[in-house]
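Trainee: predicted model and sequence below, questions to follow.
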Amino acid sequence: MLAIRLQRIGRKKQPLYRLVISEKTKDTQGNHLENLGQYNPHKKEAIFKAARIKYWISKGAKASASVNNILIKEGIVQGAKQKSVSITKTRAAKMEAKKAENAKEAPAPAVEVKEEVAK
């Protein structure tokens with residue numbers, strides 16, 4: 001199965017991503033069939049070959065969740081965004097506990113009363 005996904009390039013702590021099409025089971029750093037564009041997450045700059053992306057999707061290629069969300073944002077494909085980050089059950093439980101603790105400790109907002117001076 002073909003997949004449209006991101007291939008990381010760029011220097012250390014300054015990632016740039018190439019949008020490539022390759023076999024789903026192959027390594028992202030390995031050979032790819034075609035380079036479909038690039039994405040700079042720091043500048044939120046995307047340069048894509050829209051016609052080629054649509055061609056490969058019509059041939060049955062599936063976009064990864066992150067790529068799908070970027071393509072929807074850029075207006076190349078239509079549809080709903082996918083969840084691209086998963087949170088483990090233990091992390092979710094910790095987040096809920098912290099949220100409950102913050103809600104419990106937060107004092108009630110103080111209401112300021114201003115007195116108007118009559119002249």
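Mentor: Great, that's in hand.
Trainee: run through who's touching stretch 92-100.
Mentor: residue 87 (Cβ atoms under 8 Å, 6 or more residues apart in numbering). The way it works is simple: take the backbone N, C-alpha and C, and place the C-beta from them, glycine included.
Trainee: switch to 7 Å and redo it
Mentor: Taking contacts as Cβ atoms under 7 Å, 6 or more residues apart in numbering, no residue outside stretch 92-100 touches it.
Trainee: just grab the bridge partners of residue 23 for me.
Mentor: Under DSSP bridges, the beta-bridge partners of residue 23 are residue 2.
Trainee: report how many residues lie close to it.
Mentor: Neighbour count of residue 23, defined by other Cβ atoms under 10 Å: 13.
Trainee: what of the one 5 residues further on?
Mentor: If you count neighbours by other Cβ under 10 Å, residue 28 ends up with 15.
Trainee: contacting residues around it?
Mentor: Applying Cβ under 7 Å, 6+ apart to residue 28 gives the contacts 5, 7.
Trainee: quick one: the helices in this protein?
Mentor: 50-58, 65-74, 89-105 (DSSP state H).
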